[in-house]
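Here is my input, please return the structure:
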Amino acid sequence: MIIASLWLAFLIATLIQFIYWILIYGRLSFFYKQNTTVSSDDKKEGVSIIIPARNEKKNLEKLIPLLFQQDYPNFEIIVVNDQSHDGTRFLLERLMTQFPKLRTVTIDYTPKHVTPKKYALTLGIKVAKNDVILLTDADCVPVSPNWIKSMSYPIRNQGKTFALGYGGYEIQKGFLNTLIQFETWLTALQYFSFALWKSPYMGVGRNLAYRRSFFMEKKAFNGLWQIMGGDDDLFINRYAHKKNTAVVIHPESITKSIPKTTIKEYYIQKKRHFQAGKHYRFADKLKIGIYAMSHLVFWASGLILLGIHREWEPISLLVGIIITRAFLQFSGLNGARMKLEGQGKVFWTMFFDLMYLSYFWIIGTKGYLSKTVRWK
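Next up is the predicted model:
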């Protein structure tokens, strides 16, 4: 009876996993037709780039000159200096003399009833001169001079309110970096695929665009102020839908960030992300949760059955199913990375799939239950 129940659980979980990897995630990996050129522009509407920063002097010193190499005629950059004490203010003052389109907002304190990054973003967006807002972080770098053009195109020319972009991480040596890369590709595959299915549920603040007028109409982060994080995914989760949201899938539209280099830093970052996730709409938590639960049941029941059985036939069936899923996942992640980044392969996917399983349920549970998270 126990073995029969395990087999039933394993087969149901397998079916769900195959549905996700073929039909849902396959929308990006297998079926999405890549546009290999940047679309021509009809409207050169102004774009305001907003960068919240706290003690980011070194990153801003690199980022600001690079942003002013963007191939777009009408944009400004607003850096919101949130209580920095590393010389950021003096750096920005010097850079403003060099780049007239650079503007700054300085924050000396944050009101008690709001969270720091949302407050910083709100002040930056309020003073923006343009209605198209493009968000990134101080440790991010666009990989192409066509970043502004690509990310803002759906808003400027297609009447969209939101444009969801991809924010990757620099590839470095080490196990932690490889895990970060795997988690980033999988997360991007998930939210891009659901958006392509006309069901957007999140974006990343490292590469996100939307209308300033819509932001002000909704009274900024009204109802979200008390939640640490979620300035990107929760804002998208609350207001994005199939008619007002577009995805930008092109290698020239992406940004690359500096990844965390210690387990502690990565834990704090992911804990904040999972803490925000508990505030998603029920339908979105359900579609993410079904995948996560079936993922857990697939491996748990499958490994138990491999340990129980001694006959060749059931063992070969189990191994065959596990290898088939591994092939689907390998193909799906590689297809997604090729379309998002235009290059590269994803290796050791089954190993990091097991690592992700452990990380998701351990850190995810702590983040979901936690009430004490911080921005920086």
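
three-state assignment of I51?
Put simply, I51 is strand when judged by DSSP: H, G, I helix; E, B strand; the rest coil.

Would you mind listing where the stretch 1-150 of the chain has pLDDT under the threshold?
Where the stretch 1-150 of the chain drops to pLDDT under 70, the residues are 34-42.

try it again with 90
For the stretch 1-150 of the chain, the stretches with pLDDT under 90 are 1-3, 31-44, 109-116.

so which strand or helix has V141?
Using DSSP states H and E, V141 sits within strand 140-142.

who's in contact with the following helix or strand past that strand?
Next helix or strand after strand 140-142 toward the C-terminus (DSSP H and E): helix 147-158. Outside helix 147-158, the residues within contact range by C-beta atoms under 8 Å, 6 or more residues apart in numbering are 38-39, 41-45, 47, 49, 70-72, 75, 132, 134, 142, 144, 160-163, 165, 207, 209-211, 246, 248, 250, 252-255. All C-beta spots, glycine's among them, are computed from the backbone N, C-alpha and C.

where along the stretch 51-200 of the chain do the strands fall?
Assigned strands in the stretch 51-200 of the chain, in chain order: 75-82, 102-107, 132-135, 140-142, 162-164, 167-169 (criterion: DSSP state E, counting those that start in this stretch).

partners of the longest one in the sheet?
It refers to strand 75-82. Sheet partners assigned to strand 75-82 using DSSP bridges are listed as strand 47-53 (parallel), strand 102-107 (parallel).

Next one: R211, what pLDDT does it get?
The model reports R211 with a pLDDT of 98.

show me the residues around the closest residue to it other than its chain neighbours that make contact.
Leaving aside its chain neighbours, R211 sits nearest to T161 (5.1 Å; criterion: C-beta to C-beta, 6 or more residues apart in numbering). Neighbouring residues of T161 by C-beta under 8 Å, 6+ apart: 155, 210-211, 214, 239-240, 244-245.

Just those residues: which are in strands?
Among these, the residues falling in strands (DSSP state E) are 210-211, 245.

For the residues you listed, pick the one with the most neighbours.
The most crowded member of these, judged by other C-beta atoms under 10 Å, is Y210 (26 neighbours).

Wait, that one touches I133, no?
Yes: counting by C-beta atoms under 8 Å, Y210 does reach I133; the two are 5.8 Å apart.

Now the common contact residues for the two.
Shared contacts of Y210 and I133 (C-beta under 8 Å, 6+ apart): none.

where do the helices sit along this protein?
Using DSSP state H, the helices of the chain run over residues 2-18, 26, 57-67, 88-98, 116-126, 147-158, 175-196, 212-217, 233-239, 263-277, 282-308, 312-341, 349-369.

Just put the ones you listed in TSV and tack on distance to I107 and mean neighbour count.
What follows is the helices of the chain, written out as TSV (distance: least, C-beta to C-beta, whole Å; neighbours: other C-beta atoms under 10 Å):
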stretch	distance to I107	mean neighbour count
helix 2-18	46	15
helix 26	44	20
helix 57-67	15	17
helix 88-98	11	15
helix 116-126	6	21
helix 147-158	25	23
helix 175-196	29	20
helix 212-217	18	15
helix 233-239	20	21
helix 263-277	20	18
helix 282-308	32	16
helix 312-341	33	17
helix 349-369	26	15
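
Please identify the residue most distant from the middle of this structure.
Centroid-distance maximum for the chain: E311 at 44.4 Å, with C-alpha atoms, centre = their mean.

Next, format the strands paired with strand 75-82 as a markdown table and append distance to M202 and mean neighbour count.
Shown next, in a markdown table, are those (distance: least, C-beta to C-beta, whole Å; neighbours: other C-beta under 10 Å):
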| stretch | distance to M202 | mean neighbour count |
| --- | --- | --- |
| strand 47-53 | 18 | 25 |
| strand 102-107 | 26 | 18 |
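
Who are the contact partners of S199?
242, 287 are the contacts of S199 under C-beta under 8 Å, 6+ apart.

so what's the backbone phi/psi at it?
S199 adopts backbone torsions of phi -140, psi 60, taken as degrees, to the nearest 10.

Pull up the gap between the closest residue to L66 other than its chain neighbours and Q269, please.
Excluding the flanking residues, the one nearest L66 by C-beta to C-beta, 6+ apart is V141, at 6.0 Å. Distance, V141 to Q269, using C-beta to C-beta, to the nearest Å: 18 Å.

now do D82
In this structure, D82 and Q269 are 17 Å apart, going by C-beta to C-beta.

Check L340 too.
Counting by C-beta to C-beta, the gap from L340 to Q269 is 20 Å.

what residues are up against the residue nearest the centre of the chain?
Nearest to the mean C-alpha position of the chain, by C-alpha atoms, centre = their mean, lies V204 at 3.8 Å. V204 is in contact with 164-167, 232-233, counting by C-beta under 8 Å, 6+ apart.

Can you tell me which of those residues comes closest to H279?
Of all the contacts of V204, D233 has the smallest distance to H279: 9.2 Å, by C-beta to C-beta.

if I pick the closest residue to that closest one other than its chain neighbours, what's in contact with it?
Using C-beta to C-beta, 6+ apart and skipping the chain neighbours, the partner closest in space to D233 is M202 (3.8 Å). By C-beta under 8 Å, 6+ apart, M202 lies in contact with 191, 232-233, 236-237, 280, 284.
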